[in-house]
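Asker: Sharing a model prediction with you, sequence too.
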Amino acid sequence: MTPAARITLLLGLYLGFTLLPLALAAAQGLPRRPWLDELSSGLAMAGFAVLLTEFALSGRYRRLSARIGMDLTMRFHQLMAIAALAFLLFHPFLYAPAYSERPAYGAGAAARVLLTPAATVSGMLAWMLLLMLVAFAWFRSQLRWSYEVWRLSHGLGALATAALGAHHVLDTGRYAQDPWLRGFWLAACAVALASLAVVYLVKPLLQTRHRWRVAIVAPEAERLWRVVLEPETASDFRFDAGQFVWLKLHHALGRITEHPFSIASAPGQLPRLQFLVKEAGDFTSAIGGVLPGTVAYVDGPYGDFTLAGRRGVGIMLIAGGAGIAPILSLAREIVATHDPRPLKIVYADRSAAQLVARAELEVMARAPGRELHFIVAEPPADWTGLRGRADLANLKACMPRKDAPGWLYFVCGPPAMIDSVEMSLAELGVPLGQIASERFVYDSAFVTPRERLTRGVIAAVVLAQVLAVLAFVIR
């Protein structure tokens, strides 16, 4: 199955799940109420279904993220949360006043909105929590919280929002009184809760069966450390070059101090795993103080920043800063497997002192059909390589002389660098399908071709949901 067909199938399943409550409600055949009441109910049901699917889009389920890519998974998670927020924030303002006198439009209590005091409180709390949850996630970088604090608050906030929302939905009459729809909400909430339990409880428990230990912690370049792990016992851990893991030191349970790091070693270098860790935050700034012998736990591998399933007449690896880790893994794998395709490596960094594995990369480039280009923003006086950044001019100087659109391009680095390179490659005639990129910050400073496509897909999904809600209203 092609990537496009796979994504189309998954989007179809997603729409089917999030719109199933509308179908179950419409099938009840209850008398119609004023159209604003029906619109409010439709938005509430679609929005809550979207909210519950967010638990499965956390990026911690390899079978899902591997099929559509980690970046797309997380971007979909982010933007669909905005859609769920919009649906759920607007819906209470559309109902006719819940406690006012109004004409009867059907027989029996099931024809009315039964907004009990308890449901009112749970709905208001869920409404406010969801707003805070999305706002804190969207402005996470401005909060200056540690990753551990943010992740814990995000997980607990999501759990509380889902629990309060479930109470509100099940306690507010009409459609939810139907056993089929009620069963759907209970099952969906149970799956959402289970997915959270898998991430926070089951995975840490499973990690205790396969402990690793830190073998080496050594400076590799300015503010960059090489960390090598080895398993305590025989390990069946496998990965593809370019993938990453969630790494946890010291404690498997009781703490959530795990962070994503790309593997820098090649699969053939197992059982050891090598990482390149840049000092950039609370956890990474103390990495140099980690002692050999420290217990470590690994969850993974994750990501589709790999050669598998991709075709190209040549391979161009483009790294910026600490993004060299997965690029180095890919390069090592290409060399180890004697891949016959031409290879170009472009490595950009602020200074020459920050370049990693420079000698190893230079040895790789000596083979026929291989080239290496360093780009330094602040070069020393005797620097003879390219200067500046991985911008259009420098990339143009490094591009293949022929068949450039048929090559594969792997890009990893800071988000702004990835955006800039993708736009430059597009300007140089490279199709988006030939570019693989991976970031750990899932937003874009620029509207790149990839971001434009992602937003278009998500807009189409939201439009389909809105149209389904309108069809529910006018049925």
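Answerer: That came through, no problem.
Asker: Now do the strands in the stretch 101-250 of the chain.
Answerer: Secondary structure of the stretch 101-250 of the chain (DSSP state E, counting those that start in this stretch): strands at 212-221, 224-231, 244-249.
Asker: Mean pLDDT for those - can I get that in JSON lines?
Answerer: Shown next, in JSON lines, are these (pLDDT from 0 to 100):
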{"stretch": "strand 212-221", "mean pLDDT": "92"}
{"stretch": "strand 224-231", "mean pLDDT": "93"}
{"stretch": "strand 244-249", "mean pLDDT": "88"}
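Asker: Against F87, how distant is the residue nearest the centre of the chain?
Answerer: In the chain, the centroid-proximal residue (Cα atoms, centre = their mean) is M74; its distance is 2.6 Å. According to Cβ to Cβ, to the nearest Å, M74 stands 21 Å off from F87. The way it works is simple: take the backbone N, C-alpha and C, and place the C-beta from them, glycine included.
Asker: Isn't M70 up against G303?
Answerer: Yes. Counting by Cβ atoms under 8 Å, M70 does reach G303; the two are 5.0 Å apart.
Asker: shared neighbours of the two, which are they?
Answerer: Contact with both M70 and G303 is made by residues E438, according to Cβ atoms under 8 Å, 6 or more residues apart in numbering.
Asker: so where do the helices sit in this protein?
Answerer: With helices called from DSSP state H, the chain shows them at 3-26, 35-53, 62-68, 70-90, 117-138, 140-143, 147-171, 179-197, 203-207, 324-336, 358-364, 392-398, 415-427, 449-474.
Asker: What residues of the fifth one count as buried?
Answerer: Within helix 117-138, the residues that qualify as buried by neighbour count (16 or more other Cβ atoms under 10 Å) are 119-120, 122-123, 125-127, 129-130, 133-134, 136-137.
Asker: And for the second one?
Answerer: Neighbour-count burial for helix 35-53, counted by 16+ other Cβ under 10 Å, picks out 37-53.
Asker: the inter-axis angle of it versus helix 147-171?
Answerer: 140 degrees (axes from the mean of the first three to the mean of the last three Cα atoms, to 10 degrees).
Asker: Quick check: which helices or strands does helix 35-53 pack against?
Answerer: If contacts are counted by 3 or more Cβ pairs under 8 Å, 6 or more residues apart in numbering; DSSP states H and E, helix 35-53 sits against helix 3-26, helix 70-90, helix 147-171, helix 179-197, helix 449-474.
Asker: can you pull the pLDDT of the closest residue to G157 other than its chain neighbours?
Answerer: Leaving out its chain neighbours, the residue that sits closest to G157 by Cβ to Cβ, 6 or more residues apart in numbering is L133, at 4.5 Å. With respect to pLDDT, L133 scores 88.
Asker: mind listing what L133 touches?
Answerer: 154, 157-158, 161.
Asker: who wins for neighbours among the residues you listed?
Answerer: T161 (24 neighbours; other Cβ atoms under 10 Å).
Asker: Hmm, that residue is touching W127, no?
Answerer: No. Look at T161 against W127 with Cβ under 8 Å: they stay out of range, at 9.0 Å.
Asker: what about V217, neighbour count?
Answerer: 17.
Asker: I'd guessed it sits against A286; true?
Answerer: No. At 10.9 Å, V217 does not count as touching A286 under the criterion of Cβ under 8 Å.
Asker: Domain map for the protein?
Answerer: 3-206+458-474, 212-302, 315-443 (automatic domain parsing).
Asker: out of those, which comes closest to P449?
Answerer: domain 315-443 (5.0 Å; Cβ to Cβ).
Asker: Just give me how far the closest one sits from the chain centre.
Answerer: 23 Å (Cα atoms, centre = their mean, to the nearest Å).
Asker: Buried residues of stretch 343-359, list them for me.
Answerer: 343-349, 352, 354-357.
Asker: of all these, which comes closest to L291?
Answerer: V356 (22.6 Å).
Asker: From G321, how far out is that closest one?
Answerer: From V356 over to G321 (counting by Cβ to Cβ), the distance is 10 Å.
Asker: P179 now?
Answerer: 56 Å.
Asker: Low-confidence bits of the stretch 351-475 of the chain, can you list those?
Answerer: Applying pLDDT under 70 to the stretch 351-475 of the chain flags residues 440-446.
Asker: how does it look with 80?
Answerer: 439-447 (pLDDT under 80).
Asker: thinking again about what came up before, got the buried residues of helix 117-138 as TSV, with distance to D391 columns?
Answerer: Converted to TSV, these look like this (distance: Cβ to Cβ, whole Å):
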residue	distance to D391
A119	56
T120	56
S122	53
G123	51
L125	49
A126	47
W127	46
L129	43
L130	41
L133	38
V134	34
F136	34
A137	31
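Asker: Go ahead and name everything in contact with stretch 141-161.
Answerer: Residues contacting stretch 141-161 (Cβ under 8 Å, 6+ apart): 51, 54-55, 125-126, 129-130, 132-133, 136-137, 140, 193, 196, 199-200, 255-257, 259, 281-283.
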